[in-house]
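Undergrad: Build me a model:
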Amino acid sequence: MKINWGTGIVIGIIVFVVISITMTVIFMTQDVSLVSDNYYEKSLSYQEEIDKQSRTKSLDEQVKINFNGELVTISLPSDYISKDISGEIFFYRPSNPKLDFALPLQLVEGNQIIPVGRLEKGFWRIKLNWVMDGNGYYSEKVIIIE
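TA: Predicted structure coming up:
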């Protein structure tokens, strides 16, 4: 059976339309997760974050965030123990925002120990926001759980 050029053009157009519709459906059903759901609000407060980071760098002694494979230990210098400190520890998973969670900063003698046994393996970013003497501070540490 011979196919003339008119039939070939119609078949080509039909194949193109079917492929276009299929690709549109596939792309529309994909989950596109942003780094943050409220990225616009966060961009407006970005200068505050810069100020917190520069204040943190200007401290005489830095807060230490250590990871030994099983525990995350947050240690404040002994000079800060007597001060009124409050804050939040945020565990951020860039590849899956559903795994993100926050813990309150609850220091015992300047330390807080967090077991990581329940966390999924992979890349995590620990963000520590705290307030000391009415000023905000920020530290961050990248860990890889294996």
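Undergrad: Count the neighbours of the closest residue to residue 93 other than its chain neighbours for me.
TA: Nearest non-adjacent residue to residue 93, counting by C-beta to C-beta, 6 or more residues apart in numbering: residue 99, 4.2 Å away. The C-beta positions use only the backbone N, C-alpha and C, and glycine is treated the same way. Neighbourhood size, residue 99 [other C-beta atoms under 10 Å]: 14.
Undergrad: got a list of what residue 99 touches?
TA: 91, 93, 119, 120 (C-beta atoms under 8 Å, 6 or more residues apart in numbering).
Undergrad: Could you dump those residues into CSV with pLDDT added?
TA: Converted to CSV, the contacts of residue 99 look like this (pLDDT from 0 to 100):
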residue, pLDDT
91, 93
93, 89
119, 86
120, 90
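Undergrad: Which helix or strand in the chain has the lowest average pLDDT?
TA: helix 39-44 (a mean of 70; mean pLDDT, DSSP states H and E).
Undergrad: so how far is residue 81 from residue 111?
TA: In this view, residue 111 and residue 81 are 9 Å apart by C-beta to C-beta, to the nearest Å.
Undergrad: quick one: average pLDDT of the lengthiest helix in the chain?
TA: Taking DSSP state H as the criterion, the chain has its longest helix at helix 5-28. Taken as a whole, helix 5-28 carries a mean pLDDT of 94.
Undergrad: Centre-most residue in the chain?
TA: Nearest to the mean C-alpha position of the chain, by C-alpha atoms, centre = their mean, lies residue 92 at 3.4 Å.
Undergrad: Cool, thanks, signing off.
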